[in-house]
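In: Sequence unavailable; structure follows:
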């Protein structure tokens, strides 16, 4: 736990089959005008929309809608949301959906009163908001991003071929989040599995950094073991409540700032995956899965000890009679086999990326400096080529 | 993660060698009158008192003192603190010390305006406060209780021979806590080791409950492995910053409500240990250590599968060719050896308990219902006899 840090996570979570009742506790704390933000309308099919609207009405709220938030929310859509929130004089933004909807709600919340181009302010300059922020609440229907308990917000700018995330401070965290594992049951398997890998990748981005011996690493090994176990159950039986609830809870704690404490953190898999998504619009978790193995094999020589620890403590690789490098590589092999088994996409070609796109993706890839190797253009090109 | 639950932990933590600078961020949020609460005066010897007072003065505060908080804070002392806080018209209670000082500060904070006997209200009836609560901040100088980030408060009533803890809700949590691992360096080894076992016991009280397969169990296994590793380093070299900082961080997360989520939780070791302390005034962590092995061996047959999992995942017991019961018992043997090695007290006689006190201690032991076996008087007597 080297270095100085602060920790504060004020988000109130309501978890379980009755979690939506928490809305009745939270709504009275805010004004009458609620901007209801959601995606493509699956919440209308599965009944969650009706339940939420009934509770909003019972609490005397004026409901304004902002539908059609896409899986990779765009800057263009953000501008539309800002106008809708202004028109509604929104006292609360209620996001009902997955991480994209929560991310988008947060972006709207900090942009309505910011008085300048929010893309430039928040996603190019990474400024913190100095204006009034509209409070955000979330009703989660898809698991993975951790957006329900953090300040993260990822927006895609198609004109600039950039998908960029800003991790805002506490003031931007959702005030409350409703986590009912049953709300995730109707999700297609592709989306469920993609979310599971998003969670795993969040943990690994923080785990594969630093050389100090850190409590956070031990917590992450626990989260990873829990995730692998519950994923195996959920892939066989997607309506196993216990498994889906453990996955939901793990997702929240994988990316709510806790396990980053004391770590430099890497995030290069996300930079590579987000660059792929900016060119293909592919599902987030699948872009991460598709570049992971080439990336980890590329950086393994620079962090062999940690990859060996990972192999033993997370994947139960037996270390006896093997070199550190052998143990480390065996861990990645076991991980790769597991990824294939649960149905993850293992190459970017399958996501629509082509040889011709490669230089563009290389160009769109931001370079982070907290991992075991700071990548240069050649590294990035080699990893993406191996991912094709 | 069965059942419904809520989670919210609003305490702001400042961690690291410069953590005390956080006081300059926090103090301006509160009024001028600060009640400075501390223990026997060790903070005057190690310089922490002077540093805190200098920051309070620089922030223009009126300082009122309430010194002499004892390791097991008494109801008598609590009444004195209430009077001091009233006289000071305290806007903030700043606790500088270990868990006892933080616990005591919280008890004062909810009692000043409660308008009735706080012992009866909070420690017999376990009511939540309905009155104004004076905000509490903590500067931690001893690690173990987790009091810096939870609503726990344990008070001893000598007249009634009772040591009782109330776990208050979010409104009673410290508003902020300052965690500088170096502030714990001057602590005598006996106190450090006692704190380490207090942490371990907090985790085990939550771990040894329930039969569901829960993310919390995996997180706890991670915390336990981190704790054991860092304790081994710290016992050899008490000023190893990395080890002491990991222990400090683990203590906070062992008892800030996170790992209890989805668990029934046990707390019988604490009930037994607190009964011993009510009769001997012995150090908290040592009372827990002294009763643990007899307690765990007594309940093992009722939770064998979990004790076997504990043996393998925490103590690296090899399961091959052994029965579940053999694995479970081997885990406790390894744990017992480790406890002796780091210098824990392994029987209550050494803490001043005698055969003659036994019936009194049995009588003082509250029975909890969340563990693997609900104890009757004979169980309690047998465990305490085996602890002598």
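Out: That came through fine. As the structure is a computational prediction, the values presented were derived from the model and not from experiment. Numbering: from 1, shown residues only, chains lettered A, B, ... in the order given.
In: okay, the closest residue to residue A:127 other than its chain neighbours: pLDDT?
Out: Distances taken as Cβ to Cβ, 6 or more residues apart in numbering or on different chains place residue A:121 nearest to residue A:127, at 4.9 Å, with adjacent residues excluded. Bear in mind the C-beta positions are built from the backbone N, C-alpha and C, glycine included. Per-residue confidence for residue A:121 comes out at a pLDDT of 97.
In: Tell me the secondary structure at the residue of the stretch 101-250 of chain A found nearest chain B.
Out: Proximity to chain B, evaluated over the stretch 101-250 of chain A using Cβ to the nearest Cβ, is greatest for residue A:222 at 3.2 Å. When classified by DSSP: H, G, I helix; E, B strand; the rest coil, residue A:222 comes out as helix.
In: One more: residue A:177?
Out: Under three-state DSSP, residue A:177 comes out as strand.
In: so what's the nearest residue to it once chain neighbours are set aside up against?
Out: Excluding its sequence neighbours, the residue lying closest to residue A:177 (Cβ to Cβ, 6+ apart) is residue A:148, at 3.8 Å. Residues in contact with residue A:148 (Cβ atoms under 8 Å, 6 or more residues apart in numbering or on different chains) are A:11, A:13, A:99, A:102, A:138, A:140, A:174, A:177, A:179, A:252.
In: Minimum pLDDT in those, which residue is that?
Out: Lowest pLDDT among those: residue A:99, with 93.
In: neighbours around that residue, how many?
Out: 29 (other Cβ atoms under 10 Å in any protein chain shown).
In: right, and it touches residue A:150 too?
Out: No - contact between residue A:99 and residue A:150 fails when scored by Cβ atoms under 8 Å: they sit 10.0 Å apart.
In: For the spatially most central residue of chain A, give me the pLDDT.
Out: A centroid search over chain A (Cα atoms, centre = their mean) returns residue A:145, at 2.2 Å, as the residue closest to the centre. For residue A:145, the pLDDT comes out at 91.
In: if I look at it, how far off is residue A:263?
Out: Using Cβ to Cβ, to the nearest Å, residue A:145 is found at 19 Å from residue A:263.
In: Quick check, the residue of the stretch 101-250 of chain A closest to chain B in contact with residue B:216.
Out: No - the criterion here is Cβ under 8 Å, and residue A:222 misses it with residue B:216 at 9.2 Å.
In: out of the two, which sits in the busier spot?
Out: Between residue A:222 and residue B:216, counted using other Cβ under 10 Å, residue A:222 has the larger neighbour count: 30 against 25.
In: For that one, which non-adjacent residue is closest in space?
Out: residue B:222 (3.2 Å).
In: how deep is the residue nearest to residue A:127 tucked in, by neighbour count?
Out: Look at residue A:121: counted by other Cβ under 10 Å, it has 20 neighbours.
In: try residue A:47
Out: By other Cβ under 10 Å, the residues close to residue A:47 number 11.
In: For residue A:239, which non-adjacent residue is spatially closest?
Out: Spatial nearest neighbour of residue A:239, excluding adjacent residues (Cβ to Cβ, 6+ apart): residue A:185 at 5.2 Å.
In: Likewise for residue A:361?
Out: That would be residue A:275: by Cβ to Cβ, 6+ apart, it lies 4.8 Å from residue A:361.
In: now residue A:183
Out: Per Cβ to Cβ, 6+ apart, closest to residue A:183 is residue A:141, 4.8 Å.
In: just residue A:72 next, same as before
Out: Sequence neighbours aside, residue A:156 is the residue nearest to residue A:72 in space, at 4.5 Å (criterion: Cβ to Cβ, 6+ apart).
In: Let me see the contact set for the one you found.
Out: Applying Cβ under 8 Å, 6+ apart to residue A:156 gives the contacts A:72-75, A:162-164, A:277-278.
In: And it, its phi and psi?
Out: Main-chain torsions, residue A:156, degrees, to the nearest 10: phi -110, psi 130.
In: No further questions, thank you.
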